[in-house]
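Undergrad: Generate coordinates for the sequence data below:
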Amino acid sequence: MEQLPLWGPSTDDEPKSVLARPARLRLLITVKAAPNPSARYGETVCVGALGLDPPWTGWIRLYPVHYRDLDDDSKFHKYDVIHVEALPARQDQRRESWKPIVDTITTERHLASRQSRRSLLDPLVEDSMCRLNKQIREDPSGRSIALIRAVDISALQVKRHPGWSAEDRKKIEGYLNQLDLLEPTKRSALQAPRFTGAYRYRCADRHCRGHQQTLWDWEFVALQRRLNRLTDAEAAEQLRDKFLNQLCGADRDVAFYVGNQAARPQSFSIGGVYAPRRPAARHRSHVNR
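TA: Numbers count the residues shown, from 1 in each chain. The predicted model follows:
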């Protein structure tokens, strides 16, 4: 199975800047996608974020981020506010895409308050995945990131990962065969996740006939690794309990962070789940079990 970089370019080529110098971005991290193989870095991560300071506000995509190699002080988590210097990714037609200078990343703070998160993110929640699909079919360079409300979540399909594709294995082999005399430790290959996941849901569009989108969330893969002592059936049930029963429960206002791929602009995936708790009076069942 080929895992294209979620929301990221389809190659590791260096983009050319459209700015004379890097811009300093202040961002709220909203998505950290699962790592994918890279011939240059071993693995790279695509990051989704919300720009907080003018003129760089709105949705932003950072790629590539070689997260494993970041210093401890530079490693960030979902809903951290960070600063980073970056350049627009000229080889990527999507307007939200930037190439970060990873050694400039600093973390300002973690946005722990749910109300603070809601004040920033709730105004960005959209009702129609159907409309976004239509827009991107008409204009492949159109909006490629959104936060989509899910009104009826029917399933989280959890299946065994088929293993890396031939192209991904070639990247891994290329990385392992690089000679770097300055590296203190032997290089290791990125392991494929144990499972893939895909949500089936309807958006709020009254004509919606349903969507099925792959989940490429770092947290989904990280939980799999913590469940390595369980059988496949037990682990899959734990994943569904966390990412369906809990995060998409009746007490949550659920929306999905969705983004597309440069090589396949009409293919949207889910990078993460936005699931603030509802006030008790507004609880309703929207997960079909």
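Undergrad: Tell me where the stretch 101-250 of the chain has strands.
TA: Secondary structure of the stretch 101-250 of the chain (DSSP state E, counting those that start in this stretch): strands located at 125-126, 145-149, 152-160, 195-202, 211-215.
Undergrad: Output those as CSV; include the columns mean pLDDT and distance to Pro54.
TA: In short, each C-beta sits where N, CA and C put it, glycine included. Converted to CSV, the strands of the stretch 101-250 of the chain look like this (pLDDT from 0 to 100; distance: least, C-beta to C-beta, whole Å):
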stretch, mean pLDDT, distance to Pro54
strand 125-126, 98, 22
strand 145-149, 98, 19
strand 152-160, 98, 35
strand 195-202, 98, 34
strand 211-215, 98, 32
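Undergrad: Of those, which is nearest Lys170?
TA: Among the strands of the stretch 101-250 of the chain, strand 195-202 comes nearest to Lys170, with 20.7 Å by C-beta to C-beta.
Undergrad: strands paired with that closest one, and their directions?
TA: Strand 195-202 pairs in its sheet with strand 152-160 (antiparallel), strand 211-215 (antiparallel), by DSSP bridges.
Undergrad: Go through the ones you listed and pick out the most buried.
TA: Mean neighbour count (mean count of other C-beta atoms under 10 Å) peaks for strand 211-215 among those, with a mean of 19.
Undergrad: what sits up against that strand?
TA: For strand 211-215, contacts defined as C-beta atoms under 8 Å, 6 or more residues apart in numbering pick out 129, 156-157, 196-203, 243, 256, 258, 268-270.
Undergrad: please redo it, this time with the cut-off set to 10 Å
TA: For strand 211-215, the surrounding residues in contact (C-beta atoms under 10 Å, 6 or more residues apart in numbering) are 3, 6, 33-34, 129-130, 133, 148, 150, 154-158, 195-203, 205, 221, 239, 243, 256, 258, 267-273.
Undergrad: now do stretch 234-246
TA: By C-beta under 10 Å, 6+ apart, the list of residues contacting stretch 234-246 reads 153-160, 194-195, 197, 199, 215, 217, 219-220, 223-224, 226-231, 247-248, 252, 273, 275, 287, 289.
Undergrad: mind running it again at 8 Å?
TA: Defining contact as C-beta under 8 Å, 6+ apart, one finds that stretch 234-246 is touched by 153, 155-156, 158, 194-195, 197, 215, 217, 220, 223-224, 227-228, 230, 273, 287, 289.
Undergrad: Out of those, which end up buried?
TA: Among the contacts of stretch 234-246, the ones that count as buried by 16 or more other C-beta atoms under 10 Å are 153, 156, 158, 194-195, 197, 215, 217, 220, 223-224, 227, 273, 287.
Undergrad: ok, back up a step: please spell out the PyMOL selection for the buried subset of the contacts of strand 211-215.
TA: Restricted to buried positions by 16+ other C-beta under 10 Å, the PyMOL selection for those reads:
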select buried, resi 3+6+33+34+129+130+133+148+150+154+156+157+158+195+196+197+198+199+200+201+202+203+205+221+239+243+256+258+268+269+270+271+272+273
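Undergrad: For the stretch 1-150 of the chain, give me the ranges with low pLDDT.
TA: 1-18 (pLDDT under 70).
Undergrad: go on, the stretch 151-289 of the chain?
TA: Along the stretch 151-289 of the chain, segments meeting pLDDT under 70 span 179-185, 280-289.
Undergrad: And the helices in it?
TA: 166-176, 218-226, 232-240 (DSSP state H, counting those that start in this stretch).
Undergrad: How about the last one, which residues are buried there?
TA: This means helix 232-240. For helix 232-240, by 16+ other C-beta under 10 Å, it's Ala235, Ala236, Gln238, Leu239, Arg240.
Undergrad: got the contact list for Phe195?
TA: Counting by C-beta under 8 Å, 6+ apart, Phe195 touches Val158, Lys159, Arg160, His161, Gln224, Asp232, Ala235, Ala236, Leu239.
Undergrad: Now the spatially closest residue to the fifth one that is not a sequence neighbour. Its backbone dihedrals?
TA: When you say that, I think you mean Gln224. Nearest non-adjacent residue to Gln224, counting by C-beta to C-beta, 6 or more residues apart in numbering: Arg194, 4.7 Å away. Main-chain torsions, Arg194, degrees, to the nearest 10: phi -70, psi -30.
Undergrad: Now do the contacts for Arg194.
TA: Arg160, His161, Gln224, Arg225, Asn228, Asp232, Ala235.
Undergrad: 10 Å instead, please
TA: Arg194 neighbours (C-beta under 10 Å, 6+ apart): 158, 160-161, 221, 224-225, 227-228, 230, 232, 235-236, 239.
Undergrad: try Pro100
TA: If you count contacts by C-beta under 10 Å, 6+ apart, Pro100 has them with 22, 25, 27, 47, 49, 60-65, 82, 84-87, 89.
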